[in-house]
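J.: Generate coordinates for the sequence data below:
(one chain, ligands or ions: 2)
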Amino acid sequence: MHYMHPAQYIGQEHVIGDWTLKVASVTPRVFIIDNFLTPQECHEIIRLGVDKGLKPSTLHASATARETNDTATRSSSNTWLARDTSYLTEDIYQRAAKLTNIDPDLFQKFHETSAQHHSIAESLQIVRYRKGEEYTPHHDFVSPSINNRFQGTRFATLLIYLNTVDEGGETRFPRAVNNYNAAGLEISPNAGTAVLFYNMLEDGNVDDLSQHGSNKILGNTNKWVANLWIWDPVIG
Ligand SMILES: O=C(O)CCC(=O)C(=O)O
Ligand SMILES: [Fe+2]
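T.: Numbering: from 1, shown residues only. Ligands and ions are numbered 1, 2, ... in the order given. Reported below is the predicted structural model:
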């Protein structure tokens, strides 16, 4: 397993360089990081996404992830930006490595020391939700075949808000139970803020409580996010 930032109580802070990771939930482990991107960087990522071309989202569509039997519905559109798209995307991978305390080399397409070892980071997924669009609660981990000895899956999610949404569009963790309060957790999208959460537990099992979704967009402001999924290091 990779290193996991501790989350002992809500409001606990970890300082990494210029960032402060603030614990928003202990179970599941969710951290909020303000000013992960500047407003200009947010615009630039949206522009790169628009230039690439957005397509209606499917569930867990990526080179590495397989579809699960999740019944979640996802009405947004998205595209993928590889790490080497621009200086900015390269920098975002470097920042993500620093933030998660993971060797940035592991986020390269191929690990230097072994051509068989694929990157543990997916391409950056850019997502746009328009009015009325949502992503119902789901897990980001995928369930590998039970014949696969190494049950590798999405270890952590770095979700970056690329704009501020006034009406709806909150990220919701409906199963978050904290301080005996089962109301769940909702985070309003704020441009440049990142949310880091772990889809796995420290013992290597998946975390059922990491289930989350995006509330419906209620107003006329679209919601834009970037997802960076990081896999656990056991590569079969
Ligand atoms: O847009 C959000 O707030 C959550 C997105 C999400 O859960 C996903 O794309 O897997
Ligand atoms: Fe998700």
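
J.: make it CA atoms for all contacts and neighbour counts henceforth
T.: OK.

J.: In this structure, which residue sits nearest ligand 1?
T.: Going by Cα to the nearest ligand atom, ligand 1 is nearest to residue 171 of the chain, at 3.9 Å.

J.: Ligand 1 contacts on this structure?
T.: Counting by Cα under 6 Å from any ligand atom, the positions of the chain adjacent to ligand 1 are 140, 171, 212, 213, 214.

J.: how about the last one, what does it touch?
T.: Contacts were defined as Cα atoms under 8 Å, 6 or more residues apart in numbering; by that measure residue 214 touches 134, 135, 136, 137, 169, 170, 171, 172.

J.: show me what contacts the nearest residue to the first one once chain neighbours are set aside?
T.: Same thing as residue 134. Spatial nearest neighbour of residue 134, excluding adjacent residues (Cα to Cα, 6 or more residues apart in numbering): residue 216 at 4.4 Å. Contact analysis of residue 216 by Cα under 8 Å, 6+ apart lists 131, 132, 133, 134, 135, 168, 169, 170.

J.: now those as a markdown table including secondary structure, neighbour count and pLDDT?
T.: Shown next, in a markdown table, are the contacts of residue 216 (DSSP: H, G, I helix; E, B strand; the rest coil; neighbours: other Cα atoms under 10 Å; pLDDT from 0 to 100):
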| residue | secondary structure | neighbour count | pLDDT |
| --- | --- | --- | --- |
| 131 | coil | 17 | 96 |
| 132 | coil | 16 | 95 |
| 133 | coil | 22 | 95 |
| 134 | coil | 24 | 96 |
| 135 | strand | 21 | 96 |
| 168 | strand | 20 | 97 |
| 169 | coil | 30 | 98 |
| 170 | coil | 21 | 98 |
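
J.: Kindly reformat the residues you listed as a markdown table containing distance to residue 100.
T.: Below are the contacts of residue 216 laid out as a markdown table (distance: Cα to Cα, whole Å):
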| residue | distance to residue 100 |
| --- | --- |
| 131 | 33 |
| 132 | 33 |
| 133 | 30 |
| 134 | 27 |
| 135 | 25 |
| 168 | 28 |
| 169 | 25 |
| 170 | 23 |
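
J.: For residue 121, state which of those residues is nearest.
T.: Residue 121 lies nearest to residue 135 out of the contacts of residue 216, by Cα to Cα, at 22.0 Å.

J.: Need the three-state assignment for residue 44.
T.: When classified by DSSP: H, G, I helix; E, B strand; the rest coil, residue 44 comes out as helix.

J.: Count residues in the vicinity of it, would you?
T.: Neighbours of residue 44 under the rule other Cα atoms under 10 Å: 15.

J.: How about residue 40?
T.: Residue 40 has 12 neighbours, counted by other Cα under 10 Å.

J.: swap in residue 18?
T.: Other residues close to residue 18 by other Cα under 10 Å number 7.

J.: just residue 29 next, same as before
T.: Residue 29: 25 surrounding residues under other Cα under 10 Å.

J.: Now do the contacts for it.
T.: So residue 29 contacts 7, 23, 197, 198, 210 (Cα under 8 Å, 6+ apart).

J.: I'd like the residues you listed laid out as CSV, including pLDDT.
T.: Converted to CSV, the contacts of residue 29 look like this (pLDDT from 0 to 100):
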residue, pLDDT
7, 97
23, 98
197, 98
198, 97
210, 97
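
J.: quick one on the thing from earlier: report the spatially nearest residue to the residue of the chain closest to ligand 1, omitting neighbours in sequence.
T.: Take residue 171 and drop its neighbours on the chain: the residue closest to it by Cα to Cα, 6+ apart is residue 214, 4.6 Å away.

J.: hey, what's the one you found bridged with?
T.: Per DSSP bridges, the residues bridged to residue 214 are residue 135, residue 171.

J.: Cheers, nothing more for now.
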